[in-house]
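>>> Return atomic coordinates for the entry below.
(2 chains)
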Amino acid sequence: MERRTLIINPEKCTGCRDCEMVCSLYHERTINPSRSRIVVIRDPLNGIELPTICMQCEEPICMMVCPVNAIYEDENGAKIIDYERCMGCRTCVISCPLGGALIDPVSGKTIKCDLCDGEPRCVKFCFTKAIEYVPISVANQRIKRATIDRYLTAMKERKI
Amino acid sequence: MVLNRKVAFIDLSKEKVVIREIPRELRKIHLGGRGLNWYYIYNNVSPETKPFDPENLFVVGAGFLTGLPMLGTGRTQISTKGPMTNGVGDANMGGAFGPEMRYAGFDHLVIRGRAKEPVYLFVNDGEIEIRKANHLWGLNTHETQRTIKEEIGDERVESMVIGRAGENKVYFANVMNGNKNAGGRGGTGAVMGSKNLKAIACRGLIDLEVHDPDKLMEYAIQMNEQVLSTKWAKTLSRLGTPLLYDVSYTTGFIGTKNWQYNTPGSEGEPLEAENLQRYMVKHVACMGCSVHCRHRVKIEKGEYAGLIAEGPEYTMMGSFGTLVGCYDWDFVIKGNDECNKWGIDNLSLGAVISWAFELYQREILSEKDVGFKLEWGDKDAVLELARMIVEREGIGDVLADGFLKASKKFGEGSEYYAIHVKGHPDLHTDERGIPSFALGIATSTRGADHLRSRPAIDLFQLPQDFLERLIGYRIKNDFTAYETKGILVWWFELYFNIVDSLGICKFQSTFNCPHCPQYDEYVPLLEYATGMKFTKEELMTIGERNYTMERLFNILNGMGKKDDYPPKRFFEEPNPRGLPFMKGRKLDKERYEEMLMEYYKQHGWDENGVPTDETLRKLQIGDPEPNFPEV
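A predicted model of the protein is given here:
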């Protein structure tokens, strides 16, 4: 099966934080948005809602820097922390330029998105489709389409 | 556990906090949110206590299901003895405050006393700190929240604050969270101001454990899909509450020029909901809501160019729209943003301003009284009068005390033109053509208001068999009828109480949409979330108990049958405009009386609207027993 990827559309994020609630509910069996792997940067007074999450890099720095090789890749391409090995040194947290690895403020463990075994719960609860999980070829087509739409809009407004 | 959230009793005069468990027994009989808030107030606020006395309680409550990823459960209930009615002052607020309060370990904050100087509370991981707020006094609601976030150093802090209106104890001041989430009605912001309490800030990391995570997740998806599959939610997701404008102004039940008319007619066209779309930046939502009924808007051109705001709602389209004869989205957006920053209830403000305009038209008020002319459609005059009310300047100081006090000062029959019940201003709907709506605003425990019982589905003319399945009684599906509407309003009073006690958003209930989840869906949901089992009948009994307690509180504070009538104007003046079935309609005294009696009977209250001994026994409601712990 073709590998899939997450796409984030910030303009569709309403800031409802269902994704955070359900992420903690799935992974920690409790509702606590501060323990979620997906984090919405939300600032309604300045008009910002921006979901952030591990993008499961092709050349993941977290894997490269992990001193005990605790991060492995599963069949979905998710980079997953093996807690038998992880010693919580935070090297991955410090190194990831996207902020994909985090520290659970309650348990103290290092946490990151594991794509919920191929069925990301955040995606399931995102009814506006601000986060999607789609085959890579579909994602590519979307990105191209978005670029072309911007070009067409600019043409219509005679900016080009 | 959902069940292990605590209640904090806070005495601001003594600067002491006592934290207690919430007994499971209380959950069984009141649930949480609005139900438990009123349990504390009913037992601890005596009739001698005036709204601004330190002895009055200011209670903040999270719903029993607040903070779940479904049904818009980001809600918070704020309750107190309110300044406008001297009875139930109660408001329900969206946003993200309630959930954060739960993560901080608390479901209810019961606040008494008065701080010597301005303070704010910081509720954090099971502890409560009283902090100085002199530096926050005078700031608007947005500045206050920004400053608190900065000084705590955590952008996830959620605060519930008052603005200038609350500081100045304007009788219809709000409490606010985020950009536009308002604990809107009942004057709760004024009581908060009277306690010198500028804000409550929350931040927490305490797990909200649910009874069955897997079933809850599965059911949450099902509930969200059920809501989103309805036409109501689909339209609301796109247009927000302004969608209601098109139907109300074409049919003719929107107050215009202070209820002299029931629609502006074609003059109102510029405010049609579709015209708001051109301002839209994106849709935003409260916590736990998949419907996202609000717009983030930006004004690109003109006097207010550059303004980015949230909303406005349908209510503002009356307040700074039809009620004052202004039909300009720019102005509605601007006025709405000002109200949010002042922290004032835009419904009440609109009703009070438009009343002043009509008094000016009728020469009860003069240019000398006001300082300038109050001509219909004069936007500058509307905004300036609003500012004067918030700042209590000139005639604004009189209007800030609400209809009852102001009409005594103005005299000359001015009260007739004040559209209120129990001293509480109505929203801009014109209920004189729709008996069930009229009864709803009249019997509402917080005074004229649509969110205590409005059976909006009465307008849909649903099949009677369907209504019978939903309500349990054969209800007439003609919205101009009086018969059976007492029962319909009763059903919605109980139901809305449960919705508020659970912390669910009414826009995801059967308020406007018969296919949204209701009791049958709440039963499994409560079990998966809390582990507690309730039947539909038990939930309805809790609704009846909670509602009756509010009723009793009003009765103990001097209210009764005399206060259960819609504004006189609705009986006297027929609708001058509207579609043929709306034009010429007004309320009929005799038939209203029969409807009221049917309603009392359905509640188990006597012919004066007083709950009978048998009803109180059945609901296990006793005399008030003060239980605020010694601090």
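>>> Please make it C-alpha for all contacts and neighbour counts, starting now.
Noted.
>>> and B:Ile200, which of the three is it?
On the three-state scheme (DSSP: H, G, I helix; E, B strand; the rest coil), B:Ile200 is labelled strand.
>>> I meant B:Ala8, not that one.
Recorded secondary structure, B:Ala8: strand (three-state DSSP).
>>> Next up, the contacts around the closest residue in space to it that isn't next to it in sequence.
Taking Cα to Cα, 6 or more residues apart in numbering or on different chains as the measure, B:Ala8 lies nearest to B:Ile19, with 4.4 Å between them; neighbours along the chain are not counted. When contacts are counted by Cα atoms under 8 Å, 6 or more residues apart in numbering or on different chains, B:Ile19 touches B:Lys6, B:Val7, B:Ala8, B:Phe9.
>>> May I ask which of these has the most neighbours?
Within those, B:Ala8 tops the neighbour count with 24 neighbours, counted by other Cα atoms under 10 Å in any protein chain shown.
>>> thought that one was touching B:Val18?
Yes: look at B:Ala8 against B:Val18 with Cα atoms under 8 Å: they come within range, at 5.7 Å.
>>> Let's test this: mean pLDDT of stretch B:448-466, rounded?
Averaged across stretch B:448-466, pLDDT comes to 94.
>>> in that stretch, what's buried?
Within stretch B:448-466, the residues scored as buried using 16 or more other Cα atoms under 10 Å in any protein chain shown are B:Ala448, B:Asp449, B:His450, B:Leu451, B:Arg452, B:Ser453, B:Arg454, B:Pro455, B:Ala456, B:Ile457, B:Asp458.
>>> returning to that earlier point: after the helix or strand hosting the residue nearest to B:Ala8 comes which helix or strand?
B:Ile19 belongs to strand B:16-21 when assigned by DSSP states H and E. Toward the C-terminal end, the helix or strand that comes next after strand B:16-21 (DSSP H and E) is helix B:24-30.
>>> How far away from the center of its chain is that next one?
Helix B:24-30 sits 24 Å away from the centroid of its parent chain (Cα atoms, centre = their mean, to the nearest Å).
>>> From the contact counts, what lies against that helix?
Under the contact criterion of 3 or more Cα pairs under 8 Å, 6 or more residues apart in numbering or on different chains; DSSP states H and E, helix B:24-30 touches helix B:33-44, helix B:536-556.
>>> List the buried residues in that helix.
Of all the residues in helix B:24-30, those buried under the rule 16+ other Cα under 10 Å are B:Arg27, B:Ile29, B:His30.
>>> Listing request: residues of chain B with sub-threshold pLDDT.
Counting by pLDDT under 70, chain B shows low-confidence ranges at B:1.
>>> Kindly report the residues of it close to chain A.
Taking Cα under 8 Å from any Cα of the partner chain as the criterion, chain B approaches chain A at residues B:68-70, B:103, B:142, B:155, B:178-179, B:205-210, B:213-214, B:217, B:221, B:282-290, B:292, B:296.
>>> ok, the buried residues of helix B:24-30 vs B:Lys195, which is closest?
Using Cα to Cα, the shortest approach to B:Lys195 within the buried residues of helix B:24-30 belongs to B:His30, at 27.0 Å.
>>> what separates the residue lying farthest from the centre of chain B from chain A, distance-wise?
In chain B, the greatest distance from the average C-alpha position (Cα atoms, centre = their mean) is reached by B:Lys368, at 35.1 Å. Taking Cα to the nearest Cα, to the nearest Å as the measure, B:Lys368 and chain A are separated by 40 Å.
>>> What are the contacting residues of the host helix or strand of that residue?
Here B:Lys368 sits within helix B:367-370, counting by DSSP H and E. The set of residues that contact helix B:367-370 without belonging to it, under Cα under 8 Å, 6+ apart, is B:Tyr360, B:Lys373, B:Leu374, B:Gly394, B:Ile395.
>>> ok, and for it, which residues are buried?
For helix B:367-370, burial by neighbour count (16+ other Cα under 10 Å) applies to B:Val370.
>>> Next: stretch B:179-190.
Of the residues in stretch B:179-190, those scored as buried under the neighbour-count criterion (16+ other Cα under 10 Å) are B:Asn179, B:Lys180, B:Asn181, B:Ala182, B:Gly183, B:Gly184, B:Arg185, B:Gly186, B:Gly187, B:Thr188, B:Gly189, B:Ala190.
>>> Which of those residues fall within helices?
Among the buried residues of stretch B:179-190, the subset assigned to helices under DSSP state H consists of B:Thr188, B:Gly189, B:Ala190.
>>> before we move on, back to that, distance to B:Leu427 for the buried residues of stretch B:179-190 - can I get that in TSV?
Rendered in TSV, the data for the buried residues of stretch B:179-190 read as follows (distance: Cα to Cα, whole Å):
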residue	distance to B:Leu427
B:Asn179	21
B:Lys180	18
B:Asn181	17
B:Ala182	15
B:Gly183	15
B:Gly184	11
B:Arg185	10
B:Gly186	12
B:Gly187	14
B:Thr188	17
B:Gly189	18
B:Ala190	19
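>>> and which of these is nearest to B:Glu431?
B:Arg185 (18.6 Å).
>>> which residue sits closest to the closest one in space, ignoring its chain neighbours?
Nearest to B:Arg185 is B:Ala91, by Cα to Cα, 6+ apart, at 5.3 Å.
>>> if I pick the one you found, what's in contact with it?
B:Ala91 makes contact with B:Gln77, B:Ile78, B:Ser79, B:Gly183, B:Gly184, B:Arg185, B:Gly186, B:Thr188, according to Cα under 8 Å, 6+ apart.
>>> again, 10 Å this time
With contact taken as Cα atoms under 10 Å, 6 or more residues apart in numbering or on different chains, B:Ala91 is in contact with B:34, B:60, B:76-80, B:174-175, B:182-189, B:446, B:451, B:500.
>>> what do you get for B:Val291?
When contacts are counted by Cα under 10 Å, 6+ apart, B:Val291 touches A:14, A:16, A:127-128, B:70-72, B:224, B:227-228, B:232-238, B:240, B:283-285, B:507-508.
>>> again, only this time at 6 Å
By Cα atoms under 6 Å, 6 or more residues apart in numbering or on different chains, B:Val291 lies in contact with B:Ser237.
>>> likewise B:Leu243?
With contacts taken as Cα under 6 Å, 6+ apart, B:Leu243 has the following neighbours: B:Ala273.
>>> Please report how far it lies from B:Thr235.
7 Å (Cα to Cα, to the nearest Å).
>>> Please save the CA atoms from the lowest-mean-pLDDT helix or strand in chain A in PDB.
Of all the helices and strands that make up chain A, helix A:136-156 has the lowest average by mean pLDDT, DSSP states H and E, namely a mean of 90. What follows is helix A:136-156, C-alpha atoms only, in PDB (Å, rounded to 0.1, in the frame of the first residue of the first chain):
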ATOM      1  CA  ILE A 136       1.700  10.800  -0.600                       C
ATOM      2  CA  SER A 137       0.600  11.100  -4.300                       C
ATOM      3  CA  VAL A 138      -2.600  12.700  -3.300                       C
ATOM      4  CA  ALA A 139      -0.800  15.100  -1.000                       C
ATOM      5  CA  ASN A 140       1.500  16.100  -3.900                       C
ATOM      6  CA  GLN A 141      -1.500  16.700  -6.100                       C
ATOM      7  CA  ARG A 142      -3.100  18.900  -3.400                       C
ATOM      8  CA  ILE A 143       0.100  20.900  -2.900                       C
ATOM      9  CA  LYS A 144       0.400  21.500  -6.700                       C
ATOM     10  CA  ARG A 145      -3.300  22.400  -6.900                       C
ATOM     11  CA  ALA A 146      -2.900  24.900  -4.000                       C
ATOM     12  CA  THR A 147       0.000  26.500  -5.800                       C
ATOM     13  CA  ILE A 148      -1.900  26.800  -9.100                       C
ATOM     14  CA  ASP A 149      -5.000  28.200  -7.200                       C
ATOM     15  CA  ARG A 150      -2.800  30.900  -5.800                       C
ATOM     16  CA  TYR A 151      -1.500  31.600  -9.300                       C
ATOM     17  CA  LEU A 152      -5.000  31.700 -10.800                       C
ATOM     18  CA  THR A 153      -6.200  34.100  -8.000                       C
ATOM     19  CA  ALA A 154      -3.300  36.400  -8.700                       C
ATOM     20  CA  MET A 155      -4.100  36.300 -12.400                       C
ATOM     21  CA  LYS A 156      -7.700  37.200 -11.700                       C
END
